[in-house]
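Participant: no sequence for this one, just the structure:
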C-alpha cells in the first residue's frame, strides 16, 4: 500500500502535472517533507551557450519542492523561491534534486533543494517557502 505522501505526490500531483512530465521528471523517493526527483537534460532544454537553460534546474528543484511541501497532506503553494546556479549543465546530464524540509509551522514551510549531476557535483541550490492552506489532500 502506498504511503500518504506517495498518494499525494504521485497520484494527485504528478499524474496531473504536464510540465513535470514534459521535463521527464521521475519521483524516486517521497516521504513527509522530503522528495528525491530525477531527470535527464535534452537538447531542446539548452540555451544559446549550448548549456541547459537555468529554468531547467530551477524547474526540477521547484517540482521536488512542491512534492515535498505537499507530502504532509495540506495544500501548499510557493510564496518565495530563489536559486543559485553553481555549475553548467549539459545535454545528457542526469540531474537529481533532493528537497528537504527545514522548518514547518501550521501556515509556513521552508525547504531547501540541492540539484546534483551524475557525478554528484552540485549544479544548483534552491530555497523555497510555501504557504500551507487549510485545504487538505483527499487520498
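Facilitator: Sure thing, it's come through. Quantities reported herein were computed from a predicted structural model and do not represent experimental measurements.
Participant: where's residue 61, which helix or strand?
Facilitator: helix 54-70 (DSSP states H and E).
Participant: Buried residues of that helix, list them for me.
Facilitator: Of all the residues in helix 54-70, those buried under the rule 16 or more other CB atoms under 10 Å are 56-70. In this view, the C-beta of every residue, glycine as well, is placed from N, C-alpha and C.
Participant: Likewise for stretch 74-86?
Facilitator: Buried residues in stretch 74-86, counted by 16+ other CB under 10 Å: 74-76, 81, 83, 85.
Participant: how about the lowest-mean-pLDDT helix or strand in the chain: buried residues?
Facilitator: Lowest on mean pLDDT, DSSP states H and E among the helices and strands of the chain sits helix 4-6, with a mean of 88. Across helix 4-6, burial judged by 16+ other CB under 10 Å covers 5-6.
Participant: which other residues reach it?
Facilitator: For helix 4-6, the surrounding residues in contact (CB atoms under 8 Å, 6 or more residues apart in numbering) are 30-32, 71-73, 139.
Participant: Repeat the analysis, applying 10 Å as the threshold.
Facilitator: With contact meaning CB atoms under 10 Å, 6 or more residues apart in numbering, helix 4-6 is reached by 12, 14, 27, 29-35, 67-68, 70-73, 137, 139.
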